[in-house]
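# requesting a structural model of the entry that follows:
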Amino acid sequence: MITDQVMPSSVGQTVFVVDDDAAVRKAVARLLRSAGVAAAAFASPREFLAQYDPATPGCLVLDIAMPGFNGLQLQTTLGEKGCILPIIFLTGHGDVPKSVRAMKRGAFDFLSKPVKDKDLLTAVRAALEKDALARLEQARFSEIRTRLDTLTPREHEVLEHVVAGKLNKQIAGDMGITEATVKMHRARVMAKMKVQSVAELARLIERCGIN
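This next block holds a predicted model:
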């Protein structure tokens, strides 16, 4: 099948519209573009998966009931791939049970067809904001992991003792090294992690859930 729009290469946010109903698909894409939002429309989940790049920020407007590979299955597939793309489901009458399952699985929102323009745009803008914040947090986490990867095994060990609140003398005793050596490793850890205090280091590690 031919897509309604080629997958964009822009680093900007894009709303991906997946619906087997051509009229709905085109109407939603047209509405989004008229509001200044980039849109890429696909006739099926498989068509979307074949071209989607997880690095592309945005959100997904997804029909929940489609023949074959449906919206819920696409949601599950994306979740298994670790995709953080917020999903706004479009549901028809009688899809309430499916909508409940979708929300339990982490769907961002669901709207009943026919969708009001205002409601869709409001949901899309909120989803785009969520995606931007999530990707920012991912970038911060990645940066912290990168800093951690620069530490030597001994520096990692010192780091664990430091964030546990131990004094240099205690660390030296636990590790069987001199206090001067502990101070040297501690200084290197602080420099590599780009922090000015033990409290800042502890917050950094705790926030990212790194042990």
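
# what helices or strands is the single longest helix found in the chain leaning on?
As assigned by DSSP state H, the longest helix anywhere in the chain is helix 117-149. When contacts are defined as 3 or more Cβ pairs under 8 Å, 6 or more residues apart in numbering; DSSP states H and E, helix 117-149 sits against helix 22-34, strand 58-63, strand 87-91, strand 109-112, helix 179-193. Where you see a C-beta, it was placed from the backbone N, CA and C, and this is true even at glycine.

# what is the very next helix or strand once past that helix packed up against?
The first helix or strand that comes after helix 117-149 along the chain, using DSSP states H and E, is helix 153-163. Packed against helix 153-163, as judged by 3+ Cβ pairs under 8 Å, 6+ apart, are the following elements: helix 168-175, helix 179-193, helix 198-207.

# how far does the longest helix of the chain sit from the chain's center?
Computed by Cα atoms, centre = their mean, to the nearest Å, the chain-centroid distance of helix 117-149 equals 6 Å.

# that one versus helix 198-207: what angle between them?
120 degrees (axes from the mean of the first three to the mean of the last three Cα atoms, to 10 degrees).

# buried residues in helix 117-149?
Neighbour counts over helix 117-149 (16 or more other Cβ atoms under 10 Å) mark 120-121, 123-124, 127-128, 130-131, 135, 144, 148 as buried.

# which of those lies closest to A199?
I144 (15.8 Å; Cβ to Cβ).

# so that closest one touches L204, yeah?
Yes: between I144 and L204 a contact is recorded at 6.1 Å, counting by Cβ atoms under 8 Å.

# overlap in contacts of those two?
Contact criterion Cβ atoms under 8 Å, 6 or more residues apart in numbering; residues shared by I144 and L204: M193.

# spatially central residue in the protein, please.
By Cα atoms, centre = their mean, the chain has its centre lying nearest to I84, at 3.4 Å.

# tell me the secondary structure for it?
The three-state label for I84, taken from DSSP: H, G, I helix; E, B strand; the rest coil, comes out as coil.

# perfect, that will be all.
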